[in-house]
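Colleague: coords please:
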Amino acid sequence: MKINKKLVKIILIFYLFFLNQSTAIENKILFKVNNQIITSIDVLNEINYLSLINSDFQKLDKQKIYEVSKNSLIREKIKEINLKKQFVELKLNEEYLNELIKDYSRRVGFKNTNDFNIELKKNNIKIDSVIKKITIEAFWNQLIIDKFLKNVKINEAGIKKELQNQKIQKEYLLSEILFGLENNNELVNKMKIIKKTISDEGFSKAALIHSISDTSNSGGKLDWINEASLNIKIKSALNNLEVGAHTEPILLPGGYLILKINDIKEVVKEINFEKEFEKVKRAKTNEQLNIMSNLYFNKIKKNIIINEL
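Modeller: Numbering: from 1, shown residues only. You can find the predicted model right below:
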């Protein structure tokens, strides 16, 4: 029997908000990503998980909640399929895994791993499913490093010169929306849609809906970034903006980037030159690797068959 897709979507939201998670729901196969299946229970669990790590998620309308959850699962499946071709086993040693869980707990807004685990249990989210997500991202990052680190180009002399002239350091707390286009002529219309979402629902929700970056599930939130770590295009775009404002789209190799300034701070300090140099160099390296990651993901996605059943 063919699934009524609209009805399934309504049922998923109904069960999420009005029924206990232990209540039985018929498990339907909704999608196939190559030979990997995504079921109605998978989508329900993803909705539950995204609701926990991003407070703006449940404020989306029902259709967008479904779409964001579906796309998150498909992105994860595509990465998993590719990684299984590259690695014998997707398993991390216990010590490294615990470090990653601790860091991830902090990034999604919890003081420590214990608080994160408590909330997972309260929301009937299995820790194994979170460990799987963290493991896939860890192996994906390693794959990107293995494939593309040799292609990263850092202007070390430029970093040193900038640090030598920088007694007052400006740091930005940013959020991002990264999006791609089949045709650059679509940019004006795409920006109208994104700006309307930002205006109506806020930047965080717009990132959930429109961003193809791995930060989309957390509303596009990034950590504090020193201005010396930013490339010239991005620094120039941010230069005259106030807190709360966002840039126009910045063209990068991986797509178009919109940045919102959540906060700015100026730090006056004696620079530990060697330590600061390595910090900035690492940030610039990660920036380039993130671009290469998105390009590589888009490339492998073209060879993936996604069927909605």
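Colleague: give me the neighbour count for the nearest residue to Lys126 once chain neighbours are set aside.
Modeller: Nearest in space to Lys126, with sequence neighbours left out and distances taken as Cβ to Cβ, 6 or more residues apart in numbering, is Leu120 at 7.6 Å. C-beta: built from backbone N, CA, C; applies to glycine. Around Leu120 there are 19 other residues, counting by other Cβ atoms under 10 Å.
Colleague: and the pLDDT for Leu120?
Modeller: For Leu120, the pLDDT comes out at 92.
Colleague: remind me what the strand or helix carrying it packs against, helices and strands.
Modeller: Per DSSP states H and E, Leu120 falls inside helix 113-122. The elements that helix 113-122 packs onto, with contact taken as 3 or more Cβ pairs under 8 Å, 6 or more residues apart in numbering; DSSP states H and E, are helix 94-107, helix 127-148.
Colleague: hmm, back to that, distance of the residue nearest to Lys126 relative to Asp56?
Modeller: 19 Å (Cβ to Cβ, to the nearest Å).
Colleague: got it, and Asn93?
Modeller: For Asn93, the distance to Asp56 - Cβ to Cβ - is 35 Å.
Colleague: higher neighbour count, those two?
Modeller: Higher neighbour count among Asn93 and Asp56: Asp56, with 18 against 7, using other Cβ under 10 Å.
Colleague: right, and the helix or strand after the longest strand seen in the chain?
Modeller: The longest strand of the chain (DSSP state E) is strand 255-268. Scanning forward in sequence from strand 255-268 by DSSP H and E, the next helix or strand is helix 273-301.
Colleague: following that following helix, which helix or strand comes up?
Modeller: strand 306-308.
Colleague: any low-confidence regions in the chain?
Modeller: For the chain, residues meeting the criterion pLDDT under 70 lie at 1-26, 165-167, 268-271.
Colleague: sorry, back to before: can you list contacts of the longest strand of the chain?
Modeller: 167-181, 187, 194, 203, 212, 220-221, 224, 234, 237-238, 241-250, 294 (Cβ atoms under 8 Å, 6 or more residues apart in numbering).
Colleague: from these, list just the buried residues.
Modeller: 169-179, 194, 203, 212, 220-221, 234, 237-238, 246-247, 249-250, 294 (16 or more other Cβ atoms under 10 Å).
Colleague: quick revisit: of the helices and strands packed on helix 113-122, which stretch is the most buried?
Modeller: Mean neighbour count, computed with mean count of other Cβ atoms under 10 Å, is highest for helix 127-148 among those, reaching a mean of 15.
Colleague: how far off helix 273-301 does that helix point, in degrees?
Modeller: 100 degrees (axes from the mean of the first three to the mean of the last three Cα atoms, to 10 degrees).
Colleague: what's the following helix or strand after helix 127-148?
Modeller: Next along from helix 127-148, by DSSP H and E: helix 156-164.
Colleague: quick one on the thing from earlier: format the helices and strands packed on helix 113-122 as CSV; extra columns: distance to Ile81.
Modeller: What follows is the helices and strands packed on helix 113-122, written out as CSV (distance: least, Cβ to Cβ, whole Å):
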stretch, distance to Ile81
helix 94-107, 21
helix 127-148, 10
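Colleague: quick one: which of the ones you listed is nearest Leu73?
Modeller: Closest approach to Leu73 among these (Cβ to Cβ): helix 127-148, 10.2 Å.
Colleague: relative to helix 94-107, how tilted is that closest one?
Modeller: 100 degrees.
Colleague: what's the offset of helix 127-148 from the middle of its chain?
Modeller: Centre-to-centre, helix 127-148 and its host chain are 13 Å apart (Cα atoms, centre = their mean, to the nearest Å).
Colleague: what does that helix rub up against?
Modeller: Under Cβ under 8 Å, 6+ apart, the answer for helix 127-148 is 45, 49, 76, 79-80, 82-83, 86-87, 90-92, 96-97, 100-101, 104, 117, 120, 214, 289, 292-293, 296.
Colleague: skipping adjacent residues, who's closest to Gln164 in space?
Modeller: Closest to Gln164 by Cβ to Cβ, 6+ apart is Phe273, at 7.9 Å.
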